[in-house]
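K.L.:
show me how the following folds:
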Amino acid sequence: MEEKGSGAKFSYTYSAPTERERREIEDIRSRYRPEGEPESAFAKIKRLDAFVKKVPSAVAISIGIVGTLAFGGGMAMLLEWDMLAGGIAVSVVGALFIAAAYPLYKLIFGRLKKKYAPEILKLSEELLHEKN
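P.N.:
Residues are numbered from 1 along each chain as shown. Now for the predicted structure:
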């Protein structure tokens, strides 16, 4: 046991979660929310925005990868296996897939944007008026 005059000090440090940590905690918490509990307007607008952006990207990337693999397979047929007609055909099909990736992205993005724009705008209006 120490004596009162020994100079020992007690220190306690508390740190609240930072804003970034708080957002991450809330994100994790929202994944475990019960099924019947309603989603907040902010969470819903974030989810819809991510959906509108990610779906066209995933489709375009997939089409681009398939096209690149087909193009490479056609080049291998041409250069390694001396299959002129088959190699050209497979390479042309691959090139068409590669060329179609970006227009397909724009098409899907435009349709999803048009479909979800009214709901996203409505939610954003609600959120902006709540904060003012």
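
K.L.:
gap between K122 and S11?
P.N.:
In this view, K122 and S11 are 52 Å apart by C-beta to C-beta, to the nearest Å. Where you see a C-beta, it was placed from the backbone N, CA and C, and this is true even at glycine.

K.L.:
neighbour count: these two, which is higher?
P.N.:
Higher neighbour count among K122 and S11: K122, with 12 against 4, using other C-beta atoms under 10 Å.

K.L.:
for the chain, longest helix please?
P.N.:
helix 84-131 (DSSP state H).

K.L.:
that helix - contacts with which helices or strands?
P.N.:
Using 3 or more C-beta pairs under 8 Å, 6 or more residues apart in numbering; DSSP states H and E as the contact criterion, the elements in contact with helix 84-131 are helix 41-79.

K.L.:
show me what the helix it packs on is packed against.
P.N.:
helix 84-131.

K.L.:
so how far is the helix it packs on from its chain's centroid?
P.N.:
14 Å (C-alpha atoms, centre = their mean, to the nearest Å).

K.L.:
what is the burial count for S62?
P.N.:
For S62, the number of neighbouring residues by other C-beta under 10 Å comes to 13.

K.L.:
mind checking how far it is from I108?
P.N.:
Per C-beta to C-beta, S62 is found 12 Å from I108.

K.L.:
show the pLDDT at the most centrally placed residue in the chain.
P.N.:
The residue lying closest to the centre of the chain (C-alpha atoms, centre = their mean) is K54, at 4.9 Å. Model confidence at K54, expressed as pLDDT, equals 96.

K.L.:
same deal with F10?
P.N.:
pLDDT at F10 comes out at 79.

K.L.:
do the same with the one 4 residues further on
P.N.:
The pLDDT attached to Y14 in the predicted structure is 69.

K.L.:
for F71, same thing?
P.N.:
pLDDT recorded at F71 is 97.
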